[in-house]
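Chemist: Starting from these lines, generate the structure:
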Amino acid sequence: MGQWAKEGMPLPADDFVYEPIGAGIPYQELNPEQSWEQFNINHELTRKGIEKFVSDYKSTLRKAS
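Modeler: Take a look at the predicted model:
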């Protein structure tokens, strides 16, 4: 159990202000009515994640020795 849980999961004080670190994530307006194929989902981590998923899935299909 983590320290926060051990302390009863207290909420921050009313005057707490979160100070973000690093670059912000730019907001992009998207049209949810458009076809999913129109969204740009190209990203190296997405590609690697899909490749890993496919590899793991294929490994479950191998015949037992």
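Chemist: longest helix in this protein, by residue count?
Modeler: For the chain, the longest helix by residue count, based on DSSP state H, is helix 44-59.
Chemist: Which elements pack onto that helix?
Modeler: Contacting helix 44-59 under the criterion 3 or more CB pairs under 8 Å, 6 or more residues apart in numbering; DSSP states H and E is no other helix or strand. (C-beta placed from N, C-alpha, C; glycine too.)
Chemist: mean confidence score for it?
Modeler: Here helix 44-59 scores 95 as its mean pLDDT.
Chemist: ditto for stretch 5-24
Modeler: 94.
Chemist: Would you pull up how far it lies from the middle of the chain?
Modeler: Between the centre of stretch 5-24 and the centre of its chain there are 20 Å (CA atoms, centre = their mean, to the nearest Å).
Chemist: Other residues contacting it?
Modeler: Contacts with stretch 5-24, where a contact means CB atoms under 8 Å, 6 or more residues apart in numbering, come from Trp4.
Chemist: same thing but 10 Å
Modeler: Under the criterion CB atoms under 10 Å, 6 or more residues apart in numbering, residues Gly2, Trp4 lie in contact with stretch 5-24.
Chemist: All set, thanks.
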